[in-house]
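Visitor: Generate a structure from the sequence data that follows.
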Amino acid sequence: MDDQQQLLDIAESYLREAVAPHATEIDSDADALRDALIGLGDRSLLSLRVPKAWGGAEVSEKTDRTYQEMVARYSGALAFLQTQHQGATGMLAQSENDTLKQKYLPHIHSRVLFGVGFSQLRHQGVPPVKAIPVEEGYQLDGQVPWVTGWSFFQAFIVGAVLPDGRSVFGVLPFKNTSQNGEGEITFSEPMPLAAMASTNTVTAHLNRWFLNNKDVVFVKPAGWIHENDKKNVLLHGFFALGCARAGLDIVESASQTKQLPFITEAFKDLNQELTACRTVMIQQQPQTMTVAEKLQLRAWAIDLAVRCAHAAVTVSSGVANSSYHAAQRVYREALAFTVFGQTTAVMEATLAMLVRSSSNELYFDER
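Guide: Below you'll find the predicted structure:
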C-alpha cells in the first residue's frame, strides 16, 4: 500500500467512526467542529498540498480531490472549514517568500491554521479591497465580505487589488487588531448561515492596514482570479459529489429498513449515475477537456447533489423536516455546495442543467 492510499484509509476510518456519528452537532456547534478539525490535524490531514520538505503530505491532485469528496460525505461543515486551510497552506507553499514559509509552514499541521479571503477579487467594478503601494509594503482598505473560520484560524490570506489591476496577497491576523493607533482590522459577528453556520463566516473591515512586504505571499497579474477559476472549474465539484454520496447513504439505509422495492430501485439508479459522474471527474483525464465540458461536468455534480439530497428527504418522510435530521442537514449542504466557488459561468451551467431537467416534465391531457 502506498503512502497516499494509507492516508486516505486513515481519513476514511476517522471520518466514519469519529465524525459521521456527530455530523449534525458539528454542523451547528463550533466546539464540536473544532474537535473534528483538531482530529484531522492530529492525523496529518491538514497539510495535503504542502511539499514533504516542509512537513506536508504532498499528495497528488487525484488523492487530494478524493479526500475532499470523502470529507464532504461525512460532514459538509468540516469539509468547508478544512478546505480553507488547505487552500491557504497551498498558496503559502507556492510563495517565493522563504521567510514567510519558514515562519508558518512547519507549524501548519495544527498549531497555526489559516483562512482565506479573496473571493472579492471576482467582483466587477470598484474593488471591495484596494492596495496602495507604500514604503516597505502596501496600505489595505476595504471590506472582505467572506472569511470563514473565526475562532478556528489564527491568520488568513487576503487578496487586494493594486492601482494597475494586479492583486497582492498577504497574511493578516484573524482577530480584531490595531497598528499603533493607525491601521486596524475588525470583524463582524458570525453570519447566521442556513448551512454550516458552525464554520463562523465573518466579514473583515480593513482601515489603513499596513501589509509589510515580509507578509506578502505573492503578487498576481490582473485577471489572475478568473484564469484560476477556469483552471479549477471542477475543484468544488468534488464537494458536491461527496454531498451526493451522503444523500445516497441515507437512501440506501432506508431501502434496507423499509424494504420497499421502489426505494431500492431509486438508489441503484442514482448510485449508477453518481458513479458515472465520479468516473469522469476522477478516473479519466479532465485536463484534456475544454472549459465548457468542465462546466457541464461541474453542473452535473451539483445537480446530483441536490437530487440525491432530495431523495434522502423523500425516503425519510416527515421526520426529514426536523432541523436535526441527517437528511435535512445534507439537503442544506447541497444548497451550500451549489454556490460555493460560484462564478458567472458556473451559474449559467447550473441553470442550463436545471432547464434541461425540467424538459422531462410530464404533460397531461387537459380534457
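Visitor: Provide a list of residues in contact with the residue nearest to residue 163 when sequence neighbours are not counted.
Guide: The shortest distance from residue 163 to any non-neighbouring residue, by Cβ to Cβ, 6 or more residues apart in numbering, is to residue 132 (7.0 Å). From N, CA and C alone the C-beta is placed, and that goes for glycine too. If a contact means Cβ atoms under 8 Å, 6 or more residues apart in numbering, then residue 132 has 138-139, 141, 162-163 as its contacts.
Visitor: where do the strands sit along this protein?
Guide: Under the criterion DSSP state E, the chain contains strands at 114-117, 129-134, 137-148, 155-161, 167-173, 177-179, 183-187, 201-212, 216-220.
Visitor: okay, the angle between the fifth one and strand 201-212?
Guide: Note on geometry: by axes from the mean of the first three to the mean of the last three Cα atoms, to 10 degrees, strand 167-173 and strand 201-212 are set 100 degrees apart in direction.
Visitor: among the contacts of residue 132, which ones are buried?
Guide: 138-139, 141, 162 (16 or more other Cβ atoms under 10 Å).
Visitor: Show me which pair in those residues is furthest apart.
Guide: 141 and 162 (12.3 Å; Cβ to Cβ).
Visitor: Now the common contact residues for the two.
Guide: 130, 132.
Visitor: For residue 56, state which of the buried ones among the contacts of residue 132 is nearest.
Guide: residue 138 (28.2 Å).
Visitor: who does that closest one bridge with?
Guide: As for beta bridges, residue 138 partners with residue 133, residue 211 under DSSP bridges.
Visitor: how close does it sit to residue 264?
Guide: In this view, residue 138 and residue 264 are 60 Å apart by Cβ to Cβ, to the nearest Å.
Visitor: same check, this time on residue 177
Guide: From residue 177 to residue 264 the distance is 56 Å (Cβ to Cβ).
Visitor: biggest helix in this structure by residues?
Guide: helix 291-316 (DSSP state H).
Visitor: how about that one: buried residues?
Guide: Here helix 291-316 shows 294-295, 297-313, 315-316 as buried, counting by 16+ other Cβ under 10 Å.
Visitor: So which of residue 177 and residue 264 has more stuff around it?
Guide: residue 264 (16 against 13; other Cβ atoms under 10 Å).
Visitor: Chain neighbours aside, what residue packs nearest to residue 4?
Guide: In space, residue 4 is closest to residue 63, 4.5 Å off (Cβ to Cβ, 6+ apart).
Visitor: Please list all residues in contact with the one you found.
Guide: Applying Cβ under 8 Å, 6+ apart, the residues near residue 63 are 4, 7-8, 48.
Visitor: let's see 10 Å
Guide: 2-5, 7-8, 48, 57 (Cβ atoms under 10 Å, 6 or more residues apart in numbering).
Visitor: about what we covered before: redo the contacts of residue 132 as JSON lines? Include distance to residue 222.
Guide: Shown next, in JSON lines, are the contacts of residue 132 (distance: Cβ to Cβ, whole Å):
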{"residue": "138", "distance to residue 222": "16"}
{"residue": "139", "distance to residue 222": "19"}
{"residue": "141", "distance to residue 222": "19"}
{"residue": "162", "distance to residue 222": "9"}
{"residue": "163", "distance to residue 222": "11"}
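Visitor: can you pull the pLDDT of the most centrally placed residue in the chain?
Guide: The residue lying closest to the centre of the chain (Cα atoms, centre = their mean) is residue 80, at 4.1 Å. pLDDT recorded at residue 80 is 97.
Visitor: can you start the count at 9 instead of 1 from here on
Guide: Let's use 9 as the start, then, which means that last one is residue 88.
Visitor: does it really touch residue 345, like I thought?
Guide: Yes - if you go by Cβ atoms under 10 Å, residue 88 and residue 345 touch, sitting 8.6 Å apart.
Visitor: What distance do you get for the residue nearest to residue 12 to residue 78?
Guide: From residue 71 to residue 78 the distance is 10 Å (Cβ to Cβ).
Visitor: hey, what's in contact with both of the two?
Guide: Common neighbours of residue 71 and residue 78 (Cβ under 10 Å, 6+ apart) are residue 16.
Visitor: Common neighbours of residue 88 and residue 345, please.
Guide: Common neighbours of residue 88 and residue 345 (Cβ under 10 Å, 6+ apart) are 80, 203-204, 247.
Visitor: Quick check: which of those has the minimum pLDDT.
Guide: residue 203 (92).
Visitor: OK, contacts around it?
Guide: 35, 84-85, 88, 337-345.
Visitor: State the pLDDT value of residue 9.
Guide: Reported pLDDT for residue 9: 60.
Visitor: Make JSON lines out of the shared contacts of residue 88 and residue 345 and add distance to residue 157.
Guide: Shown next, in JSON lines, are those (distance: Cβ to Cβ, whole Å):
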{"residue": "80", "distance to residue 157": "17"}
{"residue": "203", "distance to residue 157": "16"}
{"residue": "204", "distance to residue 157": "11"}
{"residue": "247", "distance to residue 157": "16"}
